[in-house]
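[1] Structure for this input, please:
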Amino acid sequence: MSDGWLKAADLDDVVDGEPFACEIAGTKLALYSLDGCIFATSNICSHAYALLSDGLIEGDAIECPLHNARFDIRTGKALTSPAEKDIATYLTKVEGNAVFVRISD
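    Residues are numbered from 1 along each chain as shown. Predicted coordinates for the structure are as follows:
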């Protein structure tokens, strides 16, 4: 796929309530299914190195498994301490059974 869109997962891999870890183009991502939409964020907590895909989804937020910092899945905004820095978010699209993520602008 051109224009920075890369296949990240099959749609069946991204289940409501469970973050899905993947890596594309050297970028560690976490994918989420919320309200029938797929979202992608960095999979690395901005506070300390921990995989957000090992955390818990609570509403529209992912909670880091290391120090319980929470991030908005839709925007990447840091919601609670100890995280003070937002995490990256990425555009997603679904074509058929494939989830694509746009890594570059």
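[2] Not counting sequence-adjacent ones, nearest residue to Val15?
    Closest residue to Val15 in three dimensions, ignoring its sequence neighbours and counting by C-beta to C-beta, 6 or more residues apart in numbering: Ser33, at 6.3 Å. Any C-beta I mention is one placed from the backbone N, CA and C, and that applies to glycine too.
[3] Contact partners for the one you found?
    Contact partners of Ser33, counting by C-beta atoms under 8 Å, 6 or more residues apart in numbering, are Val14, Val15, Asp16, Gly17, Phe39.
[4] Next: Thr80.
    Thr80 makes contact with Asn68, Ala69, Arg70, according to C-beta under 8 Å, 6+ apart.
[5] which among the contacts of Ser33 gets closest to Ile87?
    Phe39 (11.5 Å; C-beta to C-beta).
[6] Can you select the buried ones among the contacts of Thr80 for me in PyMOL?
    Selection of the buried residues among the contacts of Thr80 in PyMOL, burial being defined by 16 or more other C-beta atoms under 10 Å:
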select buried, resi 69+70
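[7] Please render the contacts of Thr80 as JSON lines that adds distance to Ser104, secondary structure and pLDDT to the earlier fields.
    As requested, the contacts of Thr80 are arranged in JSON lines below (distance: C-beta to C-beta, whole Å; DSSP: H, G, I helix; E, B strand; the rest coil; pLDDT from 0 to 100):
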{"residue": "Asn68", "distance to Ser104": "32", "secondary structure": "coil", "pLDDT": "93"}
{"residue": "Ala69", "distance to Ser104": "27", "secondary structure": "coil", "pLDDT": "95"}
{"residue": "Arg70", "distance to Ser104": "28", "secondary structure": "strand", "pLDDT": "97"}
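[8] Output the contacts of Thr80 in a markdown table; the columns should cover distance to Ile103.
    Output for these, formatted as a markdown table (distance: C-beta to C-beta, whole Å):
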| residue | distance to Ile103 |
| --- | --- |
| Asn68 | 28 |
| Ala69 | 24 |
| Arg70 | 24 |
